[in-house]
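Colleague: Quick check, what structure comes out for this input:
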Amino acid sequence: MTDLTALKYTDEHEWVALAGDVATVGITDYAADKLGDVVYVDLPAVGASVTAGEVCGEIESTKSVGELYAPLTGEVVEVNDAVVDDPSSVNADAFGAWLVKIQVDPAEVASLMDRADYVALTGGEA
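Modeller: Numbering: from 1, shown residues only. So this is what the prediction gives:
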């Protein structure tokens, strides 16, 4: 089980795990639950530059189409092809089915929410 308190969060319902200068990004279980059955995931290409707060991908479910926002600015260094091939894995394990890895300035992570703030944002549903 992932230590959810060690992660950082965005108000767009992404989680971030930092290891050195690489941020692993996924969507939270709260977001996966609200989306419903995820059927399609479109992620940025390796080598793409992403900017914090800007759209960098798309997650489509049987209920709606949601945009994936970059939580931090940097360069995409890895994409989780397994999630692209099996989008339902996001529903099965939101904190295990990471989406992209981005090389970032680690200092930027301080601008993201901790678990308590994220739980407060979601009304305690996280």
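Colleague: which residue ranges form the helices in this structure?
Modeller: 29-35, 81-85, 89-92, 115-121 (DSSP state H).
Colleague: Compare the ones you listed and give me the one nearest G66.
Modeller: Closest of these to G66 is helix 29-35, at 5.8 Å (criterion: C-beta to C-beta). Yep, even glycine has a C-beta here, placed from its N, CA and C like the rest.
Colleague: Report the contact partners of the residue most central in space within the chain.
Modeller: Centroid-nearest residue in the chain, with C-alpha atoms, centre = their mean: G26, separated by 2.5 Å. G26 makes contact with E14, W15, V90, A94, F95, A97, W98, L99, according to C-beta atoms under 8 Å, 6 or more residues apart in numbering.
Colleague: Please repeat the previous calculation with a cut-off of 7 Å.
Modeller: E14, W15, A94, F95, A97, W98, L99 (C-beta atoms under 7 Å, 6 or more residues apart in numbering).
Colleague: which ones among those are found in strands?
Modeller: Filtering these for membership in strands, criterion DSSP state E, returns E14, W15.
Colleague: Which of the contacts of G26 ranks first by neighbour count?
Modeller: For those, the largest number of neighbours (other C-beta atoms under 10 Å) sits with W15, at 29 neighbours.
Colleague: Can you read off the pLDDT for the spatially closest residue to that residue that is not a sequence neighbour?
Modeller: Excluding the flanking residues, the one nearest W15 by C-beta to C-beta, 6 or more residues apart in numbering is L7, at 4.6 Å. L7 is assigned a pLDDT of 95 by the prediction.
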